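Asker: A structural model of the following input is requested.
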Amino acid sequence: MFDIIAQVCIVVLCMGGMLLVNDHRPNLRRFGPVLGLLSEPFWFYTTYTHHQWGIFASAFAYTYAWARGFYNAWFRHDPA
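Answerer: Predicted coordinates for the structure are as follows:
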């Protein structure tokens, strides 16, 4: 049962994150990495339990990318 919940969370959180990252409104765009980061534990769980080692390794790169986006959206203040 948890596998189905994990799959739904992956779809909803990843797709939501990708859509928000590409939104034209900056106040919504900054929430994309938040959703992306929330999806990563489900990726790790699913790929580990199903022995999908290539995707499991890729999840580390995606986590890093989402974390970078999170930092840039929420903490980085570039002078205008």
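
Asker: all contacts plus neighbour counts: C-alpha atoms, from now on.
Answerer: Will do.

Asker: who's in contact with the residue minimising distance to the centre of the chain?
Answerer: Nearest to the geometric centre of the chain sits Gly36, at 1.7 Å (Cα atoms, centre = their mean). The contact partners of Gly36, by Cα atoms under 8 Å, 6 or more residues apart in numbering, come to Leu13, Cys14, Gly16, Gly17, Met18, Thr63, Trp66.

Asker: for Met1, see how far away the residue lying closest to the second one once chain neighbours are set aside is.
Answerer: Once its chain neighbours are removed from consideration, Cys14 has its nearest residue in Gly36; the separation is 5.4 Å (Cα to Cα, 6 or more residues apart in numbering). Gly36 sits 22 Å away from Met1, taking Cα to Cα, to the nearest Å as the criterion.

Asker: does anything pack onto the helix or strand in which Ala6 is found? Which helices or strands?
Answerer: Applying DSSP states H and E as the criterion places Ala6 in helix 2-21. Contact here means 3 or more Cα pairs under 8 Å, 6 or more residues apart in numbering; DSSP states H and E; on that basis helix 2-21 packs against helix 26-29, helix 32-49.

Asker: repeat that with 10 Å
Answerer: With contacts taken as 3 or more Cα pairs under 10 Å, 6 or more residues apart in numbering; DSSP states H and E, helix 2-21 sits against helix 26-29, helix 32-49, helix 53-74.
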